[in-house]
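Student: After the sequence you'll find the predicted model.
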Amino acid sequence: MRLQAVPGIGPVGCKQLIERFGSPSAVFADKGILAESGLRPDLAGRYGEEQYLRWAEDELEFATKRGIRCISYLDPGYPAGLLQCADGPPVLFTRGAIRFDAGPLVSVVGTRGMTEYGRQCCEAFIRGIAPINPIIISGYAYGIDITAQRTAMSLGLQTIACMAHGLDRVYPAAHRRYEGELLENGGYLSEFPRGTLPEPGHFLRRNRVIAGLSPATVVIESGERGGSLVTAGLAFGYNREVFAFPGRVTDMQSRGCHQLIRQQKAQLIQDAGEFLHAMGWEPEGGDPDSHRPTRLPEHLEPNEQSLARILRESGSRHLDDLAISCGISVSEALTSLFSLEMMGLVRALPGKCFCWEG
């Protein structure tokens, strides 16, 4: 932590120094050795300054009082995904009940300007992968990020909010209302010490953490520019799996996803079943010849439960019949059927008919 506080030393340089000298303490042992190592004289002279030691001691004291855990990349509890990244943070700060080894990690990102289609895709995707008990990673931002994390919390899944500032604050402030629930099953993670503000450059650094933590990044919706594409590009550079949901060719908020697919940086997926199949994470007991979920998920909305039950028993029905049987409007039926389709449980047929696929 003291080493990281020295201006001019980034994550890569910090790790290189520790690797060269054998341990963090050894780096500070002899200024002469530092100067001879080829380090810039002005930087070498700063290593022994007491202000950085005092800063590190104060930071540790603050973390202890606030229940913040400090994890060095040399510690056994450091996440394996970031350990494989050369530019991974030397130190992580976490708050909450984060358990990196409690399940497969999945990064879910997307636009802040989420559409209704994006919301439905996001919620259906999280519900669809819930049987494997994943850990959902995202950036706690408006739109797709918070939708993914709120859905995960509603299902009792662990979720990790990667922040672009110190853990002495929560940004955006509107999301403070989710803090208690998040801390109970997951929590906040940041590489930034207290007092660090959510400045633009920090979000780019945060994105590499989201990309590096998990073996798979899923882009739900994205315009032609934005942080989601940056995260996807970083994940692709880390040789991680990248997936994207398509939209209509006229949808501005799907152009980024189409771009990733067109550039062969992301695999096209239409539902959670396809994602699980591609990752080899299908729940045990499923049909080995199919990537579709074989059991009805436990956490369906009431309308989805009714529609799924009818289609499961009858095989296929017309949209109007389904709406009448469930006592809901056609538009409500279509919304719920879309969610079920995204989970791989139903399939749309010509003539406004739907059949059971589960």
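Tutor: That came through fine. Numbering: from 1, shown residues only.

Student: what residue ranges in this protein score low on pLDDT?
Tutor: Judged by pLDDT under 70, the chain has its weakly predicted residues at 1-8, 27-50, 284-298, 350, 358.

Student: max-length helix in it?
Tutor: Secondary structure of the chain per DSSP state H: the longest helix is helix 50-66.

Student: partners of the helix or strand just after it in the sheet?
Tutor: Next helix or strand after helix 50-66 toward the C-terminus (DSSP states H and E): strand 68-72. Sheet pairing of strand 68-72 (DSSP bridges) gives strand 91-96 (antiparallel).

Student: ok, residue 210 touching residue 109?
Tutor: Yes. Using Cβ atoms under 8 Å, residue 210 is in contact with residue 109, at 6.6 Å. For glycine as for every other residue, the C-beta is placed from the backbone atoms N, C-alpha and C.

Student: any common contacting residues for these two?
Tutor: Any residue near both residue 210 and residue 109 by Cβ atoms under 8 Å, 6 or more residues apart in numbering counts here, and that gives 138, 139, 217, 231.

Student: OK, contacts around the second one?
Tutor: The reference is to residue 139. So residue 139 contacts 109, 145, 161, 162, 163, 164, 203, 206, 207, 210, 227 (Cβ under 8 Å, 6+ apart).

Student: mind listing what the first one touches?
Tutor: Pointing back at residue 109 there. Contacts of residue 109 (Cβ under 8 Å, 6+ apart): 138-139, 144-145, 210, 217-220, 222, 227-228, 231-232.

Student: Please list the members of the contacts of residue 139 that lie in strands.
Tutor: Among those, DSSP state E puts 109, 161, 162 in strands.

Student: Let me know whether the last one touches residue 203 as I believe.
Tutor: No. The pair residue 162 / residue 203 is not scored as a contact, 10.0 Å apart, by Cβ under 8 Å.

Student: the more surrounded of those two?
Tutor: Using other Cβ atoms under 10 Å as the criterion, residue 162 and residue 203 rank with residue 162 on top: 26 against 18.

Student: Distance of that one relative to residue 181?
Tutor: 17 Å (Cβ to Cβ, to the nearest Å).

Student: residues contacting residue 191?
Tutor: When contacts are counted by Cβ under 8 Å, 6+ apart, residue 191 touches 11, 89, 91, 92, 93, 205, 206, 209.

Student: Pop out the phi and psi values for residue 78.
Tutor: When quoted as degrees, to the nearest 10, the phi and psi of residue 78 stand at phi -70, psi 130.

Student: ok, it - how many residues close by?
Tutor: 18.

Student: contacting residues around the residue lying closest to it once chain neighbours are set aside?
Tutor: Of all residues not flanking residue 78 in the chain, residue 71 sits nearest, at 5.3 Å (Cβ to Cβ, 6 or more residues apart in numbering). By Cβ under 8 Å, 6+ apart, the contact set of residue 71 is 77, 78, 91, 92, 93, 94.

Student: Turn the buried ones among these into a named ChimeraX selection, would you?
Tutor: Per 16 or more other Cβ atoms under 10 Å, the buried members of the contacts of residue 71 correspond to this ChimeraX selection:
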select :78,91,92,93,94
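
Student: nearest to residue 20, of the contacts of residue 71?
Tutor: Minimum distance to residue 20 across the contacts of residue 71 is 18.4 Å, recorded for residue 91 (Cβ to Cβ).

Student: can you pull the contacts of residue 236?
Tutor: Contacts of residue 236 (Cβ under 8 Å, 6+ apart): 242, 265, 266.

Student: Going by neighbour count, which of those residues comes out on top?
Tutor: Counting by other Cβ under 10 Å, residue 266 has the largest number of neighbours within those, with 27 neighbours.

Student: quick revisit: ok and the longest helix of the chain relative to strand 91-96, angle-wise?
Tutor: 20 degrees (axes from the mean of the first three to the mean of the last three Cα atoms, to 10 degrees).

Student: for helix 50-66, packing partners?
Tutor: In terms of contacts (3 or more Cβ pairs under 8 Å, 6 or more residues apart in numbering; DSSP states H and E), helix 50-66 is packed against helix 2-5, strand 68-72.

Student: where do the helices sit along the stretch 201-350 of the chain?
Tutor: Along the stretch 201-350 of the chain, the segments classed as helices by DSSP state H, counting those that start in this stretch run 227-237, 255-262, 272-279, 302-314, 319-326, 330-342.

Student: neighbouring contacts of the last one?
Tutor: When you say that, I think you mean helix 330-342. Contacts of helix 330-342 (Cβ under 8 Å, 6+ apart): 120-121, 123-125, 127-128, 270-272, 300-301, 303-304, 307-308, 319-320, 322-323, 326, 328, 346-348, 354.

Student: Take the residues you listed and, keeping just the buried ones, write it as a PyMOL select command.
Tutor: Buried residues among these (16+ other Cβ under 10 Å), as a PyMOL selection:
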select buried, resi 120+121+123+124+125+127+128+271+272+300+303+304+307+308+319+322+323+326+328+346+347+354
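
Student: Check the offset of the longest helix of the chain from the chain's centre.
Tutor: Centroid separation for helix 50-66 versus its chain: 29 Å, with Cα atoms, centre = their mean, to the nearest Å.

Student: ok, how many other residues are close to residue 276?
Tutor: 24.
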